[in-house]
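Visitor: Next input, structure requested:
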Amino acid sequence: MKKIFFAVLAIGIGIVTIYFIGNSNLLANILNKNERFVISAQSNTDEIVIDRVVMDKPGFIVIREVINDRPGQITEISDFLESGVSTNVTISLRSAQEVEAIDISGGFPVLKNLVAIVYTDDGDKGFNPLTDSVAYYKGDVLARYVNTGEIASESTVVPNTKANSEDPIAAEIIYTDEGFSPNTVEIKKGDTVAFINESSGPMWVASNVHPAHTILPTFDQFGTSAFGERYTYTFQQSGEWEYHDHVNASKIGLIIVR
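Guide: Residues are numbered from 1 along each chain as shown. Next comes the predicted model:
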C-alpha cells in the first residue's frame with residue numbers, strides 16, 4: 001500500500017511540476033507578483049546583467065540613455081527572448097557607458113543615465129523601435145535604472161511622453177512638405193514649443209548636427225510623428241538652437257531662446 005501511495009504521490013508531483021514548467025508566466029506571477037523585471041544595481045561598463053525578466057510575449061531588453069530624466073538614444077539591444085522567464089540575461093556594451101554629468105556650452109549640467117526597458121516584438125524577431133512596443137504590466141512600464149535597479153517612470157523611457165502634459169504652448173511650428181513654418185521662432189527660457197506634422201511623411205525633430213544631434217542632445221524626438229501628431233519640447237537653456245527633420249535633414253529651423 002505504501003508503495004502505491006508514494007508512486008501516486010510522485011506522479012502527482014511530476015504532473016504539477018510539468019504544469020508549472022509549461023506555464024512559466026503563472027509560476028513567476030505566483031512567486032514574484034511584483035518582480036517581473038529585476039536588475040541588481042551595477043556599474044560595470046562592459047556589460048549589463050538582467051537578473052530576471054518575465055516576458056508575456058517574445059521580445060527584447062533595450063538599453064537606452066536617459067538625459068535629465070528624458071529618453072535618449074538607444075545604445076544596446078539584447079538577443080531575441082522567447083516568452084516566459086529568462087534569468088541572467090547579459091547585454092554587452094560596445095563602449096564604456098556610465099552615469100555622468102556633462103555640460104553643454106557652459107550652460108546647465110546634463111545628467112546622463114542608463115535604463116533597461118522590456119520591448120515586445122512585432123513578430124519579425126528583429127528589433128525596430130518604431131514597430132516593436134514598450135512592454136507594460138498592470139499599467140506600469142517595465143523599465144529599471146541600471147545603476148540602482150530602481151523602477152523608471154514612463155516619461156523617462158518612452159519618447160514623446162510628457163511628465164506634465166499641461167505645460168502651456170508658447171509657439172506652434174507646422175511641418176509640411178516644404179519644411180518648418182515659421183522657420184525661425186524666438187521664445188523665452190522655459191517656454192514650450194509644439195511641432196505639428198502636417199506633411200505627407202513622418203516627422204522627427206532633432207537638434208543639429210545631423211545625425212548625432214549633439215548641440216542640444218535633449219532636444220530630440222527619438223522617434224517619428226505621423227500626420228496630425230505633435231512633438232513638444234521645453235527649452236531650459238538660452239541660445240540659438242538649430243534643428244532639422246532627422247528623416248529629411250534638408251528641412252531645417254532655428255529656435256532662439258532669450
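
Visitor: Output the below-cut-off pLDDT ranges for the stretch 101-250 of the chain.
Guide: For the stretch 101-250 of the chain, the stretches flagged by pLDDT under 70 are 101-110, 159-167.

Visitor: All the strands of it, residue numbers only.
Guide: 109-120, 133-134, 136-137, 140-141, 143-145, 169-176, 179-181, 184-187, 192-197, 205-207, 230-234, 239-245 (DSSP state E, counting those that start in this stretch).

Visitor: To Asp46, which of those lies closest?
Guide: Asp46 lies closest to strand 109-120 among the strands of the stretch 101-250 of the chain, at 12.9 Å (C-beta to C-beta). Backbone N, C-alpha and C define where each C-beta goes, glycine included.

Visitor: So which residue is dead centre in this structure?
Guide: Residue closest to the average C-alpha location in the chain (C-alpha atoms, centre = their mean): Val157, at 3.7 Å.

Visitor: The strands of the stretch 101-250 of the chain: which one's closest to Arg36?
Guide: Proximity to Arg36 (C-beta to C-beta) singles out strand 136-137 among the strands of the stretch 101-250 of the chain, at 5.5 Å.

Visitor: Touching the closest one from outside, list them.
Guide: 36, 56, 142 (C-beta atoms under 8 Å, 6 or more residues apart in numbering).

Visitor: surely Ser155 meets Val115?
Guide: No: using C-beta atoms under 8 Å, Ser155 is not in contact with Val115, being 11.8 Å away.

Visitor: which of those two has more neighbours?
Guide: Neighbours per residue (other C-beta atoms under 10 Å) separate Ser155 from Val115, with Val115 holding more: 24 against 17.

Visitor: can you pull the contacts of the more buried one?
Guide: Going by C-beta under 8 Å, 6+ apart, Val115 touches 63-66, 143-146, 152, 156-157.

Visitor: Redo those as CSV? Include distance to Gly201.
Guide: Below are the contacts of Val115 laid out as CSV (distance: C-beta to C-beta, whole Å):
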residue, distance to Gly201
Ile63, 29
Arg64, 25
Glu65, 26
Val66, 28
Ala143, 30
Arg144, 35
Tyr145, 35
Val146, 35
Ala152, 31
Thr156, 29
Val157, 26
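
Visitor: Mind listing the residues bridging to the residue lying closest to Val146 once chain neighbours are set aside?
Guide: Excluding the flanking residues, the one nearest Val146 by C-beta to C-beta, 6 or more residues apart in numbering is Leu114, at 4.3 Å. Under DSSP bridges, the beta-bridge partners of Leu114 are Glu65.

Visitor: Leu114 touches Asn147, doesn't it?
Guide: Yes: in this structure, Leu114 is within contact of Asn147 by C-beta under 8 Å, at 7.0 Å.

Visitor: what about those two, which has more around it?
Guide: Per other C-beta under 10 Å, whichever of Leu114 and Asn147 has more neighbours is Leu114, with 21 against 15.

Visitor: where's that one relative to Asn88, distance?
Guide: Separation of Leu114 from Asn88 (C-beta to C-beta, to the nearest Å) stands at 18 Å.

Visitor: any idea how far Met203 lies from Gln221?
Guide: 8 Å.

Visitor: between these two, what contacts are shared?
Guide: Residues touching both Met203 and Gln221 (C-beta under 8 Å, 6+ apart) are 195, 231.

Visitor: Show me which of these two is the more surrounded one.
Guide: Ranked by neighbour count (other C-beta under 10 Å), Met203 and Gln221 place Met203 first, with 26 against 22.

Visitor: Contact partners for that one?
Guide: With contacts defined as C-beta under 8 Å, 6+ apart, the neighbours of Met203 are 175, 195, 197, 221, 224-225, 229, 231, 245, 247.

Visitor: and with 10 Å instead?
Guide: Met203 sits next to 175-176, 180, 195-197, 221, 223-227, 229-231, 245-248, 251 when contact means C-beta atoms under 10 Å, 6 or more residues apart in numbering.
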